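Peer 1: below are the sequence and a predicted model; questions follow.
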Protein chains: 2
Amino acid sequence: MNRPFNFSAGPAAMPQEVLEQAASEMLDWHGSGMGVMEMSHRGQEFTSIYTQAESDLRELLAVPANFKILFMQGGGLAENAIVPLNLSRAGKADFVVTGSWSKKSLKEAARYCSTQLIASNEASRHTELPDPASWEFSQGASYVHVCTNETIDGVEFQTLPDLKALGCDAPLVIDFSSHVASRPVDWSRVGLAFGGAQKNLGPAGLTLVVVREDLLGHALGVCPSAFDYKTVADNNSMYNTPPTYSIYMAGLTFLWLKRQQEGSLSGIAAMAQRNLAKATLLYQAIDNSTLYRNKVNKDCRSRMNVPFFLRDESRNEAFLAGAKAAGLLQLKGHKSVGGMRASIYNAMPLAGVQALVDYMQAFEQKQV
Amino acid sequence: MNRPFNFSAGPAAMPQEVLEQAASEMLDWHGSGMGVMEMSHRGQEFTSIYTQAESDLRELLAVPANFKILFMQGGGLAENAIVPLNLSRAGKADFVVTGSWSKKSLKEAARYCSTQLIASNEASRHTELPDPASWEFSQGASYVHVCTNETIDGVEFQTLPDLKALGCDAPLVIDFSSHVASRPVDWSRVGLAFGGAQKNLGPAGLTLVVVREDLLGHALGVCPSAFDYKTVADNNSMYNTPPTYSIYMAGLTFLWLKRQQEGSLSGIAAMAQRNLAKATLLYQAIDNSTLYRNKVNKDCRSRMNVPFFLRDESRNEAFLAGAKAAGLLQLKGHKSVGGMRASIYNAMPLAGVQALVDYMQAFEQKQV
């Protein structure tokens, strides 16, 4: 089956092999006589799916043993509340604002604790990243929040800030929704990471939380039990009925990730190399053109979300219509910034980016 | 394809036609070149799926125009917190305890308001329902919580209490997780209804909330934005990324429900008649046997969840093994009560209940 290339920012394209397997198992998983949607979450069939998914993810992301992997619900926006409900201890929390998502996180956390904006790239309209050496940490903050890839603005931290080296003892909380599993994570620098699944992991409705054990057990009294990390961890993410089918789809995606290879690299290392190659191809095409431009500083351009603008914006609709006709879907930029955006998550092959670049060049030539 | 009959209490069996359609559309929904999981929730394709699902559900359940239909996440356990976060105004709330689920709701609500236990069937071990005429409503309660079908205990309200007629002005909140869409709802008696989807509507990870408009807009300051009913309503359930695939599956289930007929009845009325026939068949078989028994009073036996016990409990494992061999799955009772439980939701055909009854009778005869 020859499918179009889908550049949606999320919910986003899934690996075709994953969808094919899911379709083939829809009515009967492994001879159980049940589809995965129809299984009790406490039965042995689903328990085996869950255990395998958790273990594969731990292996893929090299999550250390002192971190818990939680499968939750509500997405990144819910986590904007759930993180301070669990970690803030109603004290202070520091925020680095680098785009639309971190701004929302800061605003929501103010319901539960005193929030401090310690760095911002607002002056550059979210096209640069504030140097961690310049961050002015609060005394006694319970955590420091950073969105490590801004989906709308296309800004990505290429390395995680090392708070300890900067003299800050607070745990780092990262919102890695839109680049999770696209590159390795240096867990020695992280206290908690969260992300909606719908970009790189699976269907919308599943949220991944990876949290260091010592941060559990401090939820505020007003934290709903279903969102208390300790309760979730103590119940292997089955305090409430988990989104079983989404966990299954994520599990199939993890198996797909484990099969990926680039030269001698496999798994996340292979994805990181492939994602770099995809992003490089697309940014070079943009930079080498006279029609397209990307406004983000080269040192912090996202490998996942590539916003770009036509210098002649009256051609936007023609660009999108031509793209769709060429089998290149969902390229319209976020309404808050306009223009175009190509999200090139793990499931997007290099051939998809090449097809986009070919189309962009042909479209540009027609304009001359 | 001839599948076993699956009596899981939830996540539960789905209609085979629904699963078949989902499998066939997994890689390409209606020629869009995308599977439903891969669609932006803001694109025209998913918007049309969402709008259709909402409208079909409104028609099926005859939801009046002054009620909002919300598609949320977190299931019934999360709603145990989300309801008081939205409705309690940090005042008082009344609870009727009729089994395991209403007990949990009462406990969780105490985080947000003063809770009052106004009636309980604890003395009967959850085998009767306290007569609404005996409920001692609090003065000025912000709502009255009732679980209208207790999944574990198998106790169901056959009619909703009419609080106004009983002299109570507070809105009635019903947890209808495990019998939603199995029978009509008298909305004139309801302020808010909530339910996890994983019994009668679709996959786990989707929560349905139906709420009267005048109850919106009173959330506590500590209510996460993603769970503020007014925010969710104002954004057509797309404040955060909704569980898109689960909504699609629920939508296919709604279309299936609309196609169901029993004589001149269709939709929910047809389901109600079929569910009554199924439950009657099973309870009669239990009552007419010497091996099996159900402990619930006849006037409040659930049409959805039928717990039953073998008088000789040493035969439990043999019963379950034989059932599985006969293609009758997931009949083990909840760990908190033991015994057996047959959940016979909408997707269970009469033939499935007949097969169970046949097996039970054959098993009983072997014991003699």
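Peer 2: All right, it came through fine.
Peer 1: and stretch A:35-50, how far out from the chain middle?
Peer 2: Centroid separation for stretch A:35-50 versus its chain: 26 Å, with C-alpha atoms, centre = their mean, to the nearest Å.
Peer 1: for it, measure first residue to last.
Peer 2: 15 Å (C-alpha to C-alpha, to the nearest Å).
Peer 1: give me the contact list for that stretch.
Peer 2: Identification of contacts with stretch A:35-50 by C-beta atoms under 8 Å, 6 or more residues apart in numbering or on different chains yields A:25-30, A:32, A:34, A:71, A:236-238, A:241-242, A:244-245, A:247-248, A:251, B:6, B:8-14, B:19, B:202-204, B:249, B:330. C-beta coordinates here come from the backbone N, C-alpha and C atoms, glycine included.
Peer 1: among these, which are located in helices?
Peer 2: Mapping the contacts of stretch A:35-50 onto helices (DSSP state H) picks out A:244, A:245, A:247, A:248, A:251, B:19, B:249.
Peer 1: please convert those to a markdown table, extending it with neighbour count, distance to residue B:57 and pLDDT.
Peer 2: A markdown table is the format used below for those (neighbours: other C-beta atoms under 10 Å in any protein chain shown; distance: C-beta to C-beta, whole Å; pLDDT from 0 to 100):
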| residue | neighbour count | distance to residue B:57 | pLDDT |
| --- | --- | --- | --- |
| A:244 | 25 | 22 | 98 |
| A:245 | 32 | 20 | 98 |
| A:247 | 26 | 25 | 98 |
| A:248 | 26 | 25 | 98 |
| A:251 | 23 | 30 | 98 |
| B:19 | 22 | 19 | 98 |
| B:249 | 26 | 13 | 98 |
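Peer 1: now stretch A:201-217: buried residues?
Peer 2: By neighbour count on 16 or more other C-beta atoms under 10 Å in any protein chain shown, the buried set for stretch A:201-217 is A:201-212, A:215-216.
Peer 1: and these near chain B, which?
Peer 2: Among these, the residues lying close to chain B (C-beta under 8 Å from any C-beta of the partner chain) are A:202, A:203, A:204, A:205, A:206.
Peer 1: quick check: beta-bridge partners of residue A:147?
Peer 2: According to DSSP bridges, the partner residues bridging residue A:147 are residue A:175.
Peer 1: isn't it right up against residue A:172?
Peer 2: No - with contact defined as C-beta atoms under 8 Å, residue A:147 does not count as touching residue A:172 (11.7 Å).
Peer 1: who's more crowded, the two?
Peer 2: residue A:147 (29 against 22; other C-beta atoms under 10 Å in any protein chain shown).
Peer 1: in strands, which of the buried residues of stretch A:201-217 appear?
Peer 2: Per DSSP state E, strands hold the following members of those: A:207, A:208, A:209, A:210, A:211, A:212.
Peer 1: contacts for stretch A:294-304 next, please.
Peer 2: With C-beta under 8 Å, 6+ apart as the criterion, stretch A:294-304 contacts A:124-125, A:127-129, A:149-151, A:153-158, A:178-179, A:182-183, A:199-200, A:275-276, A:278-279, A:283, A:286-287, A:306-309, A:343-345.
Peer 1: out of these, which sit inside strands?
Peer 2: Using DSSP E, the contacts of stretch A:294-304 in strands are A:149, A:150, A:155, A:156, A:306, A:307, A:308, A:309, A:343.
Peer 1: so which pair among the residues you listed is furthest apart in space?
Peer 2: Across the ones in strands among the contacts of stretch A:294-304, the longest distance by C-beta to C-beta is 19.6 Å; it joins A:149 and A:309.
Peer 1: who's more crowded, those two?
Peer 2: Comparing residue A:149 with residue A:309 by other C-beta under 10 Å, the one with more neighbours is residue A:149, at 28 against 19.
Peer 1: quick check: closest non-adjacent residue to that one.
Peer 2: Nearest non-adjacent residue to residue A:149, counting by C-beta to C-beta, 6 or more residues apart in numbering or on different chains: residue A:179, 3.9 Å away.
Peer 1: domains in chain A, by residue range?
Peer 2: A:17-257, A:262-367 (automatic domain parsing).
Peer 1: tell me the most buried of those?
Peer 2: domain A:17-257 (a mean of 21; mean count of other C-beta atoms under 10 Å in any protein chain shown).
Peer 1: for chain B, see how far away the spatially closest residue to residue A:302 that is not a sequence neighbour is.
Peer 2: Of all residues not flanking residue A:302 in the chain, residue A:156 sits nearest, at 3.9 Å (C-beta to C-beta, 6+ apart). Using C-beta to the nearest C-beta, to the nearest Å, we find residue A:156 at a distance of 20 Å from chain B.
Peer 1: do the same with residue A:237
Peer 2: 12 Å.
Peer 1: got the residues of the stretch 251-368 of chain A near chain B?
Peer 2: Residues of the stretch 251-368 of chain A lying near chain B by C-beta under 8 Å from any C-beta: A:327, A:329, A:330.
Peer 1: point out where the stretch 151-300 of chain A drops to low pLDDT.
Peer 2: For the stretch 151-300 of chain A, not a single residue meets the criterion pLDDT under 70.
Peer 1: show me where it has helices.
Peer 2: Using DSSP state H, counting those that start in this stretch, the helices of the stretch 151-300 of chain A run over A:229-234, A:244-259, A:267-287.
Peer 1: run through the neighbouring helices and strands of the second one.
Peer 2: With contacts taken as 3 or more C-beta pairs under 8 Å, 6 or more residues apart in numbering or on different chains; DSSP states H and E, helix A:244-259 sits against helix A:16-24, helix A:44-61, helix A:267-287, helix B:244-259.
Peer 1: quick one: mean pLDDT over the second one.
Peer 2: Throughout helix A:44-61, pLDDT has a mean value of 98.
Peer 1: need the contact list for the closest residue to chain B within the stretch 51-200 of chain A.
Peer 2: Here the stretch 51-200 of chain A gets closest to chain B at one residue, residue A:81, 3.3 Å apart by C-beta to the nearest C-beta. Residues near residue A:81 by C-beta under 8 Å, 6+ apart: A:108, A:109, A:111, A:112, B:224, B:225, B:226, B:227.
Peer 1: for those residues, give me TSV that also has distance to residue B:60.
Peer 2: Output for the contacts of residue A:81, formatted as TSV (distance: C-beta to C-beta, whole Å):
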residue	distance to residue B:60
A:108	35
A:109	40
A:111	36
A:112	39
B:224	30
B:225	30
B:226	27
B:227	25
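Peer 1: still on that earlier bit, of the ones in strands among the buried residues of stretch A:201-217, closest to chain B?
Peer 2: For these, the nearest to chain B is residue A:207 (8.7 Å; C-beta to the nearest C-beta).
Peer 1: that closest one: what's it in contact with?
Peer 2: A:71, A:72, A:73, A:74, A:75, A:76, A:78, A:79, A:194, A:195, A:196, A:197.
Peer 1: if anything else comes up later, I'll come back, but that's it for now.
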